[in-house]
Each structure stands twice: as structure tokens, then as C-alpha cells.
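In: okay, predicted coordinates and the sequence, questions at the end:
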Amino acid sequence: MKHFIDKVLFVGFCCVIGYYGYVFAVELLKSDGLEDISKFITIMVAAFAIGTLFGILTMLFKNILQGSKLNGYKRELEKESISAAENSSKVKVLESKIEVLEKALKEALAKNNA
């Protein structure tokens, strides 16, 4: 559910940025760029700044999402490694018990044969 809300917010943010881009484009088309060069430069700088800000925020958003996924994978790997270590220690304990029982069996057989 959290990812759905994040995606909806991201789409909303993209719509807001698109709207402001549209407004700046309309302003640019309404003005004669060659006669009013300061307005043209202002609109181009603003469009560049908005585009740069949008790119930075998009990458920040993606980085946060990847970080949360990476932390989830790390926790999953830790759980798997803990269970693997736990299983290997159980196997070692069982092997040592088998060795003790084999020795006890050999001793009991030796006593019965003697």
C-alpha cells in the first residue's frame, strides 16, 4: 500500500511540474523572443531550474525506494545466514552425539564378547 501511495504522489508531482512547464511554454510562445530577450532568458532559466530540480527529486525518490528495498534484502539474507548457521551447528551436535553413541556401542559389544 505504501508503494501505491508513493507512486500516486510521484504522479501528482509530475503533473504539477508539467503544468508549470506548460505555463512557461505558453508565456514563451506569447512573447516575441527576439524583441523581449530578457523575458526569454528568464523563462529558459526557470525551465532549466525546474527541470534540474525535477531530475534531482526524481533520483532522490528512486534512491530512497532502492535503499528501503536493499535494507529488506539485507534483513532477509541475515535471516537466511542465521538459519544456515543454526542448521550447521545442529548437524555438528548430532554428529558428535553419533560418535559418542558409536563409541558406547563398541564398548558394550566388547564387554559382551569378552
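Out: Thanks, I have the structure now.

In: going forward, measure contacts and count neighbours with C-alpha atoms only.
Out: Will do.

In: any idea which element the residue positioned nearest the centre of the chain lies in?
Out: When Cα atoms, centre = their mean is applied to the chain, the residue found nearest the centroid is Q66 (2.1 Å). Assessed by DSSP states H and E, Q66 sits inside helix 37-113.

In: could you pull up the mean pLDDT of that helix?
Out: Confidence over helix 37-113 (mean pLDDT, whole number) is 82.

In: what packs against it?
Out: Here helix 37-113 touches helix 2-30, going by 3 or more Cα pairs under 8 Å, 6 or more residues apart in numbering; DSSP states H and E.

In: run the chain-centre distance for the helix it packs on.
Out: Here helix 2-30 shows a centroid-to-chain-centroid distance of 25 Å under the convention Cα atoms, centre = their mean, to the nearest Å.

In: what packs against it?
Out: helix 37-113.

In: next one: the helix it packs on to chain centre, how far?
Out: 12 Å.

In: what is the orientation angle of that helix with helix 2-30?
Out: In terms of direction (axes from the mean of the first three to the mean of the last three Cα atoms, to 10 degrees), helix 37-113 departs from helix 2-30 by 160 degrees.

In: please renumber the chain so that the first residue is 120 from this point on.
Out: Fine by me, first position is 120 from now on; the one you just mentioned is helix 156-232.

In: next, count neighbours for L176.
Out: A count of nearby residues for L176, using other Cα atoms under 10 Å, gives 14.

In: repeat for Y141
Out: Neighbour count of Y141, defined by other Cα under 10 Å: 13.

In: how close does E205 sit to L176?
Out: 43 Å (Cα to Cα, to the nearest Å).

In: ugh, typo on my part, it should be N190
Out: Remark: distance between N190 and L176 (Cα to Cα) = 21 Å.

In: equivalent analysis for K230, please.
Out: 81 Å.

In: for I162, same thing?
Out: In terms of Cα to Cα, I162 sits 21 Å off from L176.

In: now swap in V135 and tell me
Out: From V135 across to L176, the span is 13 Å (Cα to Cα).

In: what does F132 give?
Out: F132 is 10 Å from L176, by Cα to Cα.
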